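Undergrad: here's my sequence, what's the structure:
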Amino acid sequence: MTVLPDDGLSLAAEFPDPTHEQWQRLVEGVLRKSGRDASGDAAEEALSTQLQDGLTARPLYTARDSPPEPDAVGLPGFAPFVRGGRAAGNAASGWDVRQRLTGTDPARVNEAVLADLENGGTSLWLPVGTDGIPVGDLAPALAGVHLDLAPVVLDAGAAHAEAARAFLDLCAGRGMPPTSVRANLGADPLGHEARTGEPLDLSGAAEQARALASRYPQIRTLTVDVLPYHEAGGSAAQELGLSLATGVAYLRALTQHGLDAEAALGQLEFRYAATADQFLTIAKLRAARRLWARVAEASGAPEAGAQLQHAVTSPVMMTRRDPWVNMLRTTVAGLAAGVGGADAVTVLPFDHALGLPDAFARRIARNTSSILLEESHLARVIDPAGGSYYVERLTDELAHAAWAFFQTVEKAGGQAAALRSGLVAERLAATWAERRKGLAKRREPVTGVSEFPLLAEKPVIREPAPAAPSGGLPRVRRDEDYEALRSRSDARLAATGSRPRVFIAALGPAAVHTARVSFASNLFQAGGIEPVHEPVSVDPSTAAEAYLASGADAVCVCSSDALYEEQAEGVVAALVEAGAPLVFLAGRPGTYRGVDSYVFAGCDAVAVLALALDRMDVTHEQ
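TA: Got it, this is the predicted structure:
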């Protein structure tokens, strides 16, 4: 008998290490069972997922996938800052839990501010001006807030200079020494232009930064907000490229107004979107620090290149239907932001897309970060995703794709010129159009909206939020096409007391049609169309009679391909003869006459549902 050393780590010591080729052969066998014939690298490629920006996520990563430039990672607190801008990362005190305060009533905002700070929030993000509290109401809105302990980030758009003066006057009125004021005054002229289409002169913000830099060492004056580009449908590489172009434009303005490179770098904070694609978010934040370190190096101040990052859970991913699912999305996004090394994280309330969040939603948003920090201990390890072959490779590939887009913008004359020429809008629109196709075909599922919708859910009603700035880049949402369909269904429900209905004609035994019945029912509900089907299978000879008895507006036949060959032609003909205005068939397009459309995995669900609603509306009016 072989006696194994008692080291606790050698239980598999007598088993040979499997090879990559052996794993590929196992994959080949699985693919053959599904009717796909591929071998070697082609078998592995068959399981790969195409991402935006020409990137690919492979099913397996090993040491051979290590980034080709190992020095491009470094150590926390040292250039190129991939692993974090500070040597201790967030391990000392966790990330900054930054709460966004929405509303125009200073008393209500103050109530929310104090609740946030007393229950886990550590800093405040405060919209001021046209889409927030009036500049003159800063004092009552911040009453009771210890401004030397809770940093304030202003977001005032075109009124940034006025808001900054009001805030600094408030601090002075409380007798605070300038060295104790911790804040970001939030000037972002190019971000404002992206939002509104209205150009702002960079020189005003740059002059303000020069005047305050030496007297207020803990204040940053400018924000590079990437949310306008994310909310316009931009990809991760486009967001990073545009953040670099904006940051470089601000650096040029700051140095032209008398700040040296190191001081200019210290005036900027970057704001990124964190999505429920956790690995892409982690890689985006790590790549952003690497890219900005390269800019700092080219500016002659490599040691000042640690990018200060504020991550915000993505507004694009927030849904209006089944908004409770947003809690799960923001949890994953918040986790990714923290793991990616963000200095500050804002978890948007789950009802953000519906209007002003209530106290419960704000509490859940705060507690999301608290659980991640205090119970999951995410901040106790610096760069916890570092060393993952997938994360390191994705960080590297994303950094290269973003740098290429940044160079495109610079060749166009820089960020301001690219915005005004339409280059930015065109590139983002093209990216969103492609992604929108995937959403329409449900290749990018939206839980509770395009997948597993609940038609009987009670709507969540909130007070309207202040109107968001508009006139520049559009704001998109993943749920927008399905939301339009559901709204049409709601209108019919309000007018008639019932939703559009589709009769599911299931042919044959349950074993042959169950999968397609479930698929079709799910698809139609995504458009607000209520499925009606018998608890047992419909006999072909009585399918038309069952349809008429259901009172439905349309019918969808579900069965196996084999039964379609035998029965579909006759069943469809009988349904059409019975007056069915719209007939669908669950399965790949065939040659059956009378079928208006086919529903199958990968079909354009939005187009199919729009067709159904169009025809159902006509039937109802008649």
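
Undergrad: please count neighbours and contacts with C-alpha atoms only from this point.
TA: OK.

Undergrad: residue contacts, Ala88?
TA: 76-77, 382 (C-alpha atoms under 8 Å, 6 or more residues apart in numbering).

Undergrad: just the buried positions in the lowest-mean-pLDDT helix or strand in the chain, please.
TA: In the chain, the helix or strand scored least confidently by mean pLDDT, DSSP states H and E is helix 605-621, which has a mean of 79. Neighbour-count burial for helix 605-621 flags 605-606, 608-610, 612-613, 616-617 (criterion: 16 or more other C-alpha atoms under 10 Å).

Undergrad: off-centre distance for it?
TA: Centroid separation between helix 605-621 and its chain, computed with C-alpha atoms, centre = their mean, to the nearest Å, is 30 Å.

Undergrad: contacts for that helix?
TA: By C-alpha under 8 Å, 6+ apart, helix 605-621 touches 440-442, 481-482, 485, 488-489, 500, 523-524, 527, 553-554, 581-582, 597, 599.

Undergrad: restricted to strands, list these.
TA: Among the contacts of helix 605-621, the ones falling in strands (DSSP state E) are 554, 597, 599.

Undergrad: how many neighbouring residues does the closest residue to the second one other than its chain neighbours have?
TA: The shortest distance from Ser597 to any non-neighbouring residue, by C-alpha to C-alpha, 6 or more residues apart in numbering, is to Phe584 (5.1 Å). Counted with other C-alpha atoms under 10 Å, residues neighbouring Phe584 total 24.

Undergrad: doesn't Phe584 belong to a strand?
TA: Yes: according to DSSP: H, G, I helix; E, B strand; the rest coil, Phe584 belongs to a strand.

Undergrad: pretty sure it sits against Tyr592.
TA: No: the pair Phe584 / Tyr592 is not scored as a contact, 10.5 Å apart, by C-alpha atoms under 8 Å.

Undergrad: related to what we said a few turns ago, how near is the residue nearest to Ser597 to Leu251?
TA: For Phe584, the distance to Leu251 equals 59 Å [C-alpha to C-alpha, to the nearest Å].

Undergrad: if I look at Ala57, how far off is Ala38?
TA: 18 Å.

Undergrad: have a look at those two and say which one is more surrounded.
TA: Using other C-alpha under 10 Å as the criterion, Ala57 and Ala38 rank with Ala38 on top: 18 against 15.

Undergrad: now do the phi/psi pair for that one.
TA: phi -150, psi 150 (degrees, to the nearest 10).

Undergrad: contact partners for the closest residue to it other than its chain neighbours?
TA: In this structure, Ala38 finds its nearest non-sequential neighbour in Glu28, 6.2 Å apart by C-alpha to C-alpha, 6+ apart. By C-alpha under 8 Å, 6+ apart, the contact list for Glu28 reads 37-40, 43.

Undergrad: filter those residues down to the buried ones.
TA: For the contacts of Glu28, buried by 16+ other C-alpha under 10 Å: 38-39, 43.

Undergrad: make JSON lines out of those and add pLDDT.
TA: Conversion of these to JSON lines gives the following (pLDDT from 0 to 100):
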{"residue": "Ala38", "pLDDT": "82"}
{"residue": "Ser39", "pLDDT": "84"}
{"residue": "Ala43", "pLDDT": "85"}
